[in-house]
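Visitor: please find the sequence and the predicted model below.
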Amino acid sequence: MPNELRIALLAAGIIAIVAALLLGRFRTPAVVRVVVALAGVGLLLWAATPWLIRPEPPPVPPAAPAASPVASTAAAPPATVDLAQSINAAILACPATTEPPMPDGARASREQMVEATSAFKAYDTATVAYTHCVDGAVERLAGQYAGVASAADIQQLKAFGISAHNTAVDQEQALADRLNEQVRIFKGKHRG
């Protein structure tokens, strides 16, 4: 499967998962949300499987003797590059974010609402750290493979990084919207 198709499928999977999260705002039945989320996860797994399952490497022929000791110590970039596998590993190494629990504004106590707000602030900090990590990984890999990978591959790498960054921000915004709705409900219940 070409990398362009893999990236498109990854983007479609991410969009489906975000859509499943957003469908909760429209009081969509849970079954529909679960099906959409599972479809998104399925697309992600299908697209990422070739990157996650490493084929057995071909046998490496013996190296030719080096002309000088200096030449043998210089690190040469790999002859072929799988940027998708590299960025996948780099993004998986970034600190994961965990969505905090959402209180029910109609039933929550003031302490629970304060805790939810504090938990969201910690989630925001973690999301910022994650997006900085993703951005840094993309820039590091783009620089590392600039002379080895094609310009199209570098562009795809950057597009994938932007997609991962934007997905994290979109998920955080969706959670912020849900929290704000619960805060409005809480304040409406506790007026006066």
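Guide: Good, I have the coordinates.

Visitor: nearest residue to the middle of this protein?
Guide: residue 164 (4.1 Å; CA atoms, centre = their mean).

Visitor: so what's that residue closest to, chain neighbours aside?
Guide: Spatially, and ignoring its direct neighbours in sequence, residue 164 is nearest to residue 134 (5.0 Å; CB to CB, 6 or more residues apart in numbering). No exception for glycine: its C-beta is placed from N, CA and C like everyone else's.

Visitor: mind listing what's buried along the strand or helix carrying that neighbour?
Guide: Using DSSP states H and E, residue 134 maps to helix 110-144. Under the neighbour-count criterion of 16 or more other CB atoms under 10 Å, helix 110-144 has 112-113, 116, 119-120, 123, 126-127, 130-131, 133-135, 137-138, 141-142 buried.

Visitor: now for the following helix or strand past that helix, which elements pack on it?
Guide: Going down the chain from helix 110-144, the next helix or strand is helix 151-189, by DSSP H and E. Helix 151-189 is packed against helix 3-23, helix 83-92, helix 110-144, with contacts defined by 3 or more CB pairs under 8 Å, 6 or more residues apart in numbering; DSSP states H and E.

Visitor: show me how the protein divides into domains.
Guide: 1-54, 81-192 (automatic domain parsing).

Visitor: save the ones you listed as CSV, and put in mean pLDDT too.
Guide: Shown next, in CSV, are those (pLDDT from 0 to 100):
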stretch, mean pLDDT
domain 1-54, 74
domain 81-192, 91
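
Visitor: tell me if I'm right that residue 6 and residue 84 touch.
Guide: Yes - under the criterion of CB atoms under 8 Å, residue 6 makes contact with residue 84 at 6.5 Å.
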